[in-house]
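S.K.: okay, structure incoming, though there's no sequence with it:
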C-alpha cells in the first residue's frame with residue numbers, strides 16, 4: 001500500500017506543475033506573456049518545492065511546516081487550473097493530494 005501512495009505522490013507533483021503551465025499557456029494574452037506565465041509559474045513552484053519540500057531541501061522544515069508549503073503549492077496549482085477553465089481537474093488535484101498525504105501520514109511516512 002505504501003508503494004502505491006508514494007507512486008501517487010510522485011505523479012501528483014508533475015501534475016501540479018503541468019496545471020500551472022496550462023494556466024500560463026491558456027492566458028488570453030500575447031505570446032510573450034503566455035510563454036513567461038506558462039514557463040514561469042511552474043518554475044516558481046519548482047523553486048519553492050526544491051528549497052522547502054524536496055528530500056534534499058536546502059531549508060529543512062518540520063513536518064507540519066513542510067506539509068503547509070506543499071499544500072500551498074498544490075492549492076496554487078489547483079487554483080491556476082481552475083482559472084484556466086478546468087475547475088473540476090483543479091479541485092481533483094488538490095483533493096487527491098490531500099487524501100494521499102493523509103493516507104501517507106497514517107501509514108507512517110513522516111514527511
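M.R.: All right, it came through fine. Just so it is clear, the structure is predicted and the values come from calculations on it, not from any experiment. Residues are numbered from 1 along each chain as shown.
S.K.: quick one: mean pLDDT over stretch 98-111.
M.R.: Across stretch 98-111, the average pLDDT comes to 89.
S.K.: for it, buried residues please.
M.R.: 100, 101, 103, 104 (16 or more other CB atoms under 10 Å). Placement of C-beta: from N, CA and C, glycine included.
S.K.: quick check: which element contains the closest residue to residue 52 other than its chain neighbours?
M.R.: Leaving out its chain neighbours, the residue that sits closest to residue 52 by CB to CB, 6 or more residues apart in numbering is residue 69, at 4.6 Å. Using DSSP states H and E, residue 69 sits within helix 63-83.
S.K.: show me what that helix packs onto, helices and strands only.
M.R.: Where contact means 3 or more CB pairs under 8 Å, 6 or more residues apart in numbering; DSSP states H and E, helix 63-83 is packed against helix 2-25, helix 31-52, helix 87-106.
S.K.: now it against helix 87-106, angle please.
M.R.: 170 degrees (axes from the mean of the first three to the mean of the last three CA atoms, to 10 degrees).
S.K.: contacts for helix 63-83?
M.R.: Contacts of helix 63-83 with the rest of the structure, by CB atoms under 8 Å, 6 or more residues apart in numbering, involve 12, 15-17, 19-20, 22-24, 41, 45, 48-49, 52-53, 57, 61, 87, 89-91, 93-94, 97-98, 101, 110-111.
S.K.: what residues sit buried inside it?
M.R.: Using 16+ other CB under 10 Å as the test for burial, helix 63-83 gives 66-67, 69-70, 73-82.
S.K.: stretch 37-45 now?
M.R.: Under 16+ other CB under 10 Å, the buried positions of stretch 37-45 are 37, 38, 41, 42, 45.
S.K.: with pLDDT added, can I get these in JSON lines?
M.R.: What follows is the buried residues of stretch 37-45, written out as JSON lines (pLDDT from 0 to 100):
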{"residue": "37", "pLDDT": "98"}
{"residue": "38", "pLDDT": "98"}
{"residue": "41", "pLDDT": "98"}
{"residue": "42", "pLDDT": "98"}
{"residue": "45", "pLDDT": "98"}
